[in-house]
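Asks: just the structure for this:
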Amino acid sequence: MDAVEHRPSLDPAVAEIRRAVRESLSTITGPVLVGLSGGADSLALVAAVAFEAPKVGVVVTATVIDHGLQPGSDRVAARAAAVSESLGVPARVVQVDVGLDGGPEAAARDARRRALLDAARTAGAEAVLLAHTLDDQAETVLIGLARGSGAASLGAMAPDRVEEGIRIIRPLLEVRRTQTRAACAAQGLPVWEDPHNLDRRFLRVRVRQDVMPVLEAELGPGVADALARTSDQLREDAAAFTEMIDETIEDIVEHAEAGIAVSVAALAANPPALRHRIIRHVVASEFGVSLTRAQTLEVARLVTDWRGQGPIDLPGCRAARLGARLEFTAAAGSTDSGPRRDERT
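Replies: The predicted structure follows:
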């Protein structure tokens, strides 16, 4: 009897990440670009894309962003690009200048986002694939809760969205960080350990090292999964509200002489959740600024609790009750650059 040939079994973590990537690639027809740092998450992602993309005829390249924030960052970036090349994925390093706006984390994120979108356009890519995991998602939701963020922010990172005409896809949002590390170990991929991931100056590091372990210990395992599920549900809710606002807003909004006006009666007829979203949406769309909840509630009182009070000064604009209309006009000399982004890139 002939001997049966046994193939070596595929590591479960590698199989899970390839499955997630395969599912994402099934929605893509054009080239894709992978954002690569050299850490476990992005290495596991680029390895899975390198394996799956040729099966469906998707052209893939990788871009490594060198933020220049640490000594030897150029060598780290070059090594990550070399690993990508060894997997069969052409890679290039892009150096960026990180500003100071919003703190080091936000500034680095903004610079990285801009560089990846530019790289995608240069490569003619339909989508950028990012390696955020379920753990990243859970941390983002927890930080949003601590800051008192609204449902839109607590929706955290979308698995698939369009920005400036390019899809931003996160195939690993249902994959744990332990799985990406296991996948890299199983495939012999050299993982770079970013010192910033241990730097307790950063809020996300403190959440990762201190808060999440305590929650898991005190509340039991599954906290990260529960937080990620919460973000999924809140994104669905936010999408439903957005659709309702789009259907409603054309009927209740009109241009005013120096800005935009909303029907007081129409706002009053809506439930508070929708009323507040309409107010925020009008201000963000017309003036490019994001109102806090306290500011939104103050504006809403001009609708529901008006006793003749005067205009309210807001970032970039002013709200005033004029008869049956709530008018928003631009503030003189406003230089606000727009609403703050909540999603990580």
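
Asks: what is the least confident helix or strand in this structure?
Replies: Lowest mean confidence among the helices and strands of the chain (mean pLDDT, DSSP states H and E): helix 151-154, at a mean of 73.

Asks: direction included, what does the helix or strand following it pair up with?
Replies: Sequence order places strand 160-163 as the next helix or strand after helix 151-154, per DSSP states H and E. Sheet pairing of strand 160-163 (DSSP bridges) gives strand 166-169 (antiparallel).

Asks: for the stretch 51-200 of the chain, give me the ranges with low pLDDT.
Replies: 102, 152 (pLDDT under 70).

Asks: switch the cut-off to 90
Replies: By pLDDT under 90, the low-scoring segments of the stretch 51-200 of the chain are 66-74, 95-111, 144-156, 193-200.

Asks: where exactly do the strands run in it?
Replies: Remark: strands assigned in the stretch 51-200 of the chain by DSSP state E, counting those that start in this stretch are 60-66, 91-95, 127-129, 160-163, 166-169.

Asks: between the ones you listed, which one is nearest to residue 82?
Replies: Smallest distance to residue 82 across these (CB to CB): 7.9 Å, for strand 91-95. In short, each C-beta sits where N, CA and C put it, glycine included.

Asks: if I look at residue 42, how far off is residue 164?
Replies: Residue 42 is 22 Å from residue 164, where distance means CB to CB, to the nearest Å.

Asks: residue 13 too?
Replies: In this view, residue 13 and residue 164 are 33 Å apart by CB to CB.

Asks: of these two, who's got more company?
Replies: A count of neighbours by other CB atoms under 10 Å puts residue 13 above the other of residue 13 and residue 164, at 21 against 11.

Asks: OK, contacts around that one?
Replies: Neighbour list for residue 13: 44, 179-180, 182-183, 186 [criterion: CB atoms under 8 Å, 6 or more residues apart in numbering].

Asks: which of the helices or strands spans it?
Replies: helix 12-25.

Asks: next SSE after that helix?
Replies: Per DSSP H and E, helix 12-25 leads on to strand 32-36 as the next helix or strand towards the C-terminus.

Asks: not counting sequence-adjacent ones, nearest residue to residue 114?
Replies: Sequence neighbours aside, residue 96 is the residue nearest to residue 114 in space, at 7.6 Å (criterion: CB to CB, 6 or more residues apart in numbering).

Asks: how many neighbours does that neighbour have?
Replies: 20.

Asks: show the contacting residues for it.
Replies: Shown in contact with residue 96 (CB under 8 Å, 6+ apart): 65-68, 111-112, 114-115.

Asks: ok, and the most crowded of the residues you listed?
Replies: Among the contacts of residue 96, the one with the most neighbours (other CB under 10 Å) is residue 65, at 24 neighbours.

Asks: from memory that residue sits against residue 94, does it?
Replies: Yes. Residue 65 lies in contact with residue 94 (CB atoms under 8 Å); the separation is 5.6 Å.

Asks: quick check: neighbours shared by these two?
Replies: Counting by CB under 8 Å, 6+ apart, the contacts common to residue 65 and residue 94 are residue 115.

Asks: follow-up on the earlier one: what residues sit buried inside the helix holding residue 13?
Replies: Across helix 12-25, burial judged by 16 or more other CB atoms under 10 Å covers 13-14, 16-18, 20-22, 24-25.

Asks: closest to residue 173 out of the residues you listed?
Replies: residue 20 (8.4 Å).

Asks: domains in this protein, by residue range?
Replies: Annotated domains of the chain cover 12-132+170-220, 238-330 [automatic domain parsing].

Asks: having no further points to raise, I will conclude here.
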